[in-house]
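Novice: predicted model, plus sequence, below.
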Amino acid sequence: MPKLIITLVLSLIFMGHAKTYMPDSKRAGDIRAKIWPKLQKDLNAAGLRDDQPIFIRILKSPGILEIWVLSGKQFKLFRNYPVCSASGGLGTKIARGDYKCPEGIIP
């Protein structure tokens, strides 16, 4: 299930951005073909458009991944997903191999 969520998130990020290169595979394409129509329906039901930028926020504690979609001039929370596992504990990543997740904003 986590791989499916990651594929969904990446699909949201890159849909509608033809100039952006993203490695692809038949498996990823098959998953997008299966998920995208339902995702579009869910976005429309939430009053959101499928061609808008998204913001992904991951909260290490309590372990939640949030998907926010631009709506007008503000981002609106679309969905959240529980993050089932993490390693390295809370705190800032200090060195390679410390099993902690990097923190911060990626432009």
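Specialist: Perfect, thanks for sending it.
Novice: helix or strand: which one has residue 66?
Specialist: Using DSSP states H and E, residue 66 sits within strand 64-71.
Novice: so which bits of that strand are buried?
Specialist: Buried residues in strand 64-71, defined by neighbour count with 16 or more other C-beta atoms under 10 Å: 65, 67, 68, 69. Any C-beta I mention is one placed from the backbone N, CA and C, and that applies to glycine too.
Novice: my read: the last one touches residue 54, true?
Specialist: Yes - the criterion here is C-beta atoms under 8 Å, and residue 69 meets it with residue 54 at 5.3 Å.
Novice: pLDDT at residue 25, what is it?
Specialist: Per-residue confidence at residue 25 stands at 90 (pLDDT).
Novice: what is the neighbour count of it?
Specialist: 8 (other C-beta atoms under 10 Å).
Novice: and it, how close does it get to residue 74?
Specialist: Separation of residue 25 from residue 74 (C-beta to C-beta, to the nearest Å): 35 Å.
Novice: bridging residues for residue 69?
Specialist: residue 54, residue 76 (DSSP bridges).
Novice: contacts only, for it.
Specialist: Under the criterion of C-beta atoms under 8 Å, 6 or more residues apart in numbering, the neighbours of residue 69 are 12, 43, 46, 48, 49, 52, 53, 54, 55, 75, 76, 78.
Novice: which pLDDT value goes with it?
Specialist: Residue-level pLDDT assigned to residue 69 equals 95.
Novice: same check, this time on the one 10 residues further on
Specialist: Among the per-residue scores, residue 79 holds a pLDDT of 94.
Novice: please state the backbone phi and psi of it?
Specialist: With angles defined as degrees, to the nearest 10, residue 79 sits at phi -150, psi 160.
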